[in-house]
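> take this sequence and fold it.
(4 chains)
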Protein chains: 2
Amino acid sequence: MGRPSRALLSREIIARAALELIDAGGAEGLTMRALADRLGVKAASLYNHLAGRDELLDALAELVNEEIDLTPLARADWREGLAAYARGYRAVFLRHPNTIALLARRRVEAGRQLLTYDALLAALGRAGLDPADAAEAAAALDYLVLGSALETFSAGFTRDSAAYRPHHPALAGALEASDERGPGLDERGFELALRLLLDGLAARAR
Amino acid sequence: MGRPSRALLSREIIARAALELIDAGGAEGLTMRALADRLGVKAASLYNHLAGRDELLDALAELVNEEIDLTPLARADWREGLAAYARGYRAVFLRHPNTIALLARRRVEAGRQLLTYDALLAALGRAGLDPADAAEAAAALDYLVLGSALETFSAGFTRDSAAYRPHHPALAGALEASDERGPGLDERGFELALRLLLDGLAARAR
DNA sequence: CGACGAAAACTAACTTTGTTAGTCGGGGAC
DNA sequence: GTCCCCGACTAACAAAGTTAGTTTTCGTCG
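Below you'll find the predicted structure:
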């Protein structure tokens, strides 16, 4: 075949196809051959644009991280800004749940990461925290946001809540009471944690 | 060779060797052949005890989760109990950081997981939360604990804090101020989040 | 304008890894 | 004492990541 008139691939095109593949078929579906197939190309061609699978995952991590909206961090109302940022972060991983296993613990494109933390710390400064407190608060927020993105608390409880009563009464009672508030325990738990954290920071800032 | 006088392997022996391998050499080092080598055995023999690699990861997840000390959750002082549990959980993953990528999003041995959540919810009930609030609080704690176990906030900042000043002034200021409090930003951030969460829950319980 | 080198696709094949099939020998059950 | 099952083995396959070497096109430099 030889070189085509116009390039069929690019780092970004490949990463987008990889994300689609993972969203549709889970993390195990992502193989170099399957990815090449989806792009109408042979696996070896991918290596003209990426050093290997590991760099593919880097590109994927970049792509997903770019979906996170940083603009809320610039808002004048620091509290609403931090909350909106945290919700947006969580939403991205709810949209791409299958990427989590692949991207957990992967260091993100440095530039964007630094930008994010700088904006986060600036917002915390605006909240009235001194810089050392702001550093700790940023770490705290980071933990909450990442944890809530990774974990689905309620997914582990597949049975009817009554079935837990014999051996796990506290669990059964909590699940039943939560059901009466409607679905969305995960989200309510996230919102609770977010509120308590921001309340605490506001109090500390005074 | 035929069958040996006494079995060389067992599900648990294999899982322990796998954990050692991962702790020493990272997640990529865990291959069926390398694992068998470490046990003085051939790879195929592992399949007499495990259905496959996936079940090996299940066994590994069990092993790591068993390291988490649940006894604090039974303490009369609910607050100290929850804090000690959370610290212990985090400590386990600090001890086995390389397992995180493998075990994130993996459902844990059902029995122990249910036991944990039941104890967690009982402690929250003792704190005075009504059951529906307790469910949300358990999710919130879960997020914090998992997030802080997975992420090392400060690991991304390898340069001297002054080097960030030109482009990321808020970040530079926060890192410098934090350094003056000594090392351990990650831990301080975790402790901050934990304190604020527990404070908030205590207030809500009243 | 023509030659040349780099880029980007290809084919073919190698290596590593997970896994399965089938073999062999020791120990407990009858 | 015989039987048979368990748990080790050897051999081999398939899938996946990767590399080598080929071909064709494009852009650039005389």
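
> what is the subsequent helix or strand relative to the helix or strand of chain A with the lowest mean pLDDT?
One helix or strand of chain A scores below all others by mean pLDDT, DSSP states H and E: helix A:100-103, with a mean of 84. The C-terminal neighbour of helix A:100-103 among helices and strands, as given by DSSP states H and E, is helix A:110-126.

> which ones are touching the residue positioned nearest the centre of chain A?
What sits nearest the mean C-alpha location of chain A, by CA atoms, centre = their mean, is A:Phe93, with 3.8 Å. By CB atoms under 8 Å, 6 or more residues apart in numbering or on different chains, A:Phe93 lies in contact with A:Val64, A:Thr99, A:Ile100, A:Ala149, A:Leu150. Glycine gets a C-beta too; all of them are placed from N, C-alpha and C.

> now flag whichever of the residues you listed is closest to DNA strand D.
Nearest to DNA strand D out of the contacts of A:Phe93 is A:Thr99 (CB to the nearest atom of the strand; 14.9 Å).

> these two touch, right, that closest one and A:Leu19?
Yes - using CB atoms under 8 Å, A:Thr99 is in contact with A:Leu19, at 7.2 Å.

> settle it for me: which of the two has more neighbours?
A:Thr99 (23 against 19; other CB atoms under 10 Å in any protein chain shown).

> ok, back up a step: mind listing the shared neighbours of A:Thr99 and A:Leu19?
Joint contacts of A:Thr99 and A:Leu19 (CB under 8 Å, 6+ apart) are A:Leu60, A:Val64.

> how much space separates the closest residue to A:Lys42 other than its chain neighbours from chain B?
Spatial nearest neighbour of A:Lys42, excluding adjacent residues (CB to CB, 6 or more residues apart in numbering or on different chains): A:Ala36 at 5.5 Å. Applying CB to the nearest CB, to the nearest Å, the value for A:Ala36 to chain B is 23 Å.

> count the neighbours of A:Pro183 for me.
Counted with other CB under 10 Å, A:Pro183 comes out at 10.

> what of A:Pro97?
Neighbour count of A:Pro97, defined by other CB under 10 Å: 16.

> cool, A:Leu146 as well?
A:Leu146: 24 neighbours (other CB under 10 Å).

> whichever strand or helix holds it and chain B, any residue contact?
Element membership for A:Leu146, per DSSP H and E: helix A:131-150. Yes - Helix A:131-150 lies within reach of chain B by CB under 8 Å from any CB of the partner chain, at A:131-132, A:134-148, A:150.

> who does the following helix or strand past that helix touch, helix- and strand-wise?
Sequence-wise, the next helix or strand beyond helix A:131-150 is helix A:169-180, with elements assigned using DSSP H and E. In terms of contacts (3 or more CB pairs under 8 Å, 6 or more residues apart in numbering or on different chains; DSSP states H and E), helix A:169-180 is packed against helix B:110-126, helix B:131-150.

> the longest one near chain A at all?
By that I understand helix B:131-150. Yes - shown here: helix B:131-150 in contact with chain A (CB under 8 Å from any CB) through B:131-132, B:134-148, B:150.

> distance from the chain centre to that helix, please.
13 Å (CA atoms, centre = their mean, to the nearest Å).

> those residues of chain A touching DNA strand D, which are they?
A:1-6, A:30-34, A:43-44, A:47, A:52-54 (CB under 7 Å from any atom of the strand).

> could you look up the SS state of the residue in chain A positioned nearest to DNA strand D?
Residue nearest to DNA strand D within chain A (CB to the nearest atom of the strand): A:Gly2, separated by 1.7 Å. Here A:Gly2 is coil, with the state taken from DSSP: H, G, I helix; E, B strand; the rest coil.

> now the residue nearest to A:Arg126 when sequence neighbours are not counted: how far from A:Leu192?
Excluding its sequence neighbours, the residue lying closest to A:Arg126 (CB to CB, 6+ apart) is A:Trp78, at 4.6 Å. With the distance defined as CB to CB, to the nearest Å, A:Trp78 ends up 20 Å from A:Leu192.

> ok, now A:Ser5?
57 Å.

> looking at these two, which has the bigger crowd around it?
Legend: neighbour count by other CB under 10 Å for A:Ser5 and A:Leu192, higher for A:Leu192 (22 against 5).

> contact partners for the more buried one?
B:Glu136, B:Ala137, B:Ala139, B:Ala140.

> what is the nearest of the residues you listed to chain A?
B:Ala139 (2.6 Å; CB to the nearest CB).

> ok, A:His167 touching A:Arg159?
No - using CB under 8 Å, A:His167 is not in contact with A:Arg159, being 11.5 Å away.

> on that earlier part again, selection in PyMOL covering whichever of the contacts of A:Leu192 are buried, please.
Buried residues among the contacts of A:Leu192 (16 or more other CB atoms under 10 Å in any protein chain shown), as a PyMOL selection:
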select buried, chain B and resi 136+137+139+140
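
> and the contacts of A:Leu192, which two are furthest apart?
Using CB to CB, the two most remote members of the contacts of A:Leu192 are B:Ala137 and B:Ala139, lying 7.3 Å apart.

> what sits in contact with each of those two?
Common neighbours of B:Ala137 and B:Ala139 (CB under 8 Å, 6+ apart) are A:Gly189, A:Leu192.

> returning to what we had before: distance of the residue nearest to A:Lys42 from B:Asp58?
Distance from A:Ala36 to B:Asp58, by CB to CB: 32 Å.

> count of neighbours near A:Leu194?
Counted with other CB under 10 Å, A:Leu194 comes out at 21.

> from A:Thr116, how far out is it?
17 Å.

> same thing with A:Ala17?
Counting by CB to CB, the gap from A:Ala17 to A:Thr116 is 26 Å.
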